[in-house]
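> The sequence isn't on hand, but the structure is:
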C-alpha cells in the first residue's frame, strides 16, 4: 500500500483553501505523516508572518491511499 501526501494552504479567516498540492508518494503512513509535518513547517517558515497572522493561514495535509508508485 502506498500513500500520497496532499498539502493545501488555508485561511481560517475566510474559510477557504488554495488548490491541493501533491507532494509525493510514501511506502508507509508513518513516512507520509512525518513528511507532511516537515513540509507544513517549511511552508509556514517560507511565508511572511504578518500575512499568516492577518489572513489566519494554516497548512493542512492528508495522506491518501494511492495506486501511484
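Ah, there it is. As the structure is a computational prediction, the values presented were derived from the model and not from experiment.
> State the number of residues packed around the closest residue to residue 16 other than its chain neighbours.
Nearest residue to residue 16 in three dimensions, chain neighbours excluded: residue 10, at 6.9 Å (Cβ to Cβ, 6 or more residues apart in numbering). Heads up, the C-betas are built off the backbone N, CA and C, glycines and all. When neighbours are defined as other Cβ atoms under 10 Å, residue 10 has 16 of them.
> Okay, residue 10 and residue 64: tell me how far apart.
Counting by Cβ to Cβ, to the nearest Å, the gap between residue 10 and residue 64 amounts to 17 Å.
> any idea which element the residue nearest to residue 16 lies in?
strand 2-11 (DSSP states H and E).
> any idea how far residue 46 is from the nearest residue to residue 13 once chain neighbours are set aside?
Closest residue in space to residue 13, ignoring its immediate chain neighbours: residue 56 at 4.0 Å, by Cβ to Cβ, 6+ apart. Residue 56 is 17 Å from residue 46, where distance means Cβ to Cβ.
> of the two, who's got more company?
When residue 56 and residue 46 are compared for neighbours, residue 56 comes out ahead with 12 against 7, by other Cβ under 10 Å.
> okay, the angle between the longest helix along the chain and strand 2-11?
Ordering each helix of the chain by length in residues (DSSP state H) puts helix 29-46 first. Here helix 29-46 runs at an angle of 30 degrees relative to strand 2-11 (axes from the mean of the first three to the mean of the last three Cα atoms, to 10 degrees).
> Can you tell me the element residue 19 falls in?
Going by DSSP H and E, residue 19 is not in any helix or strand.
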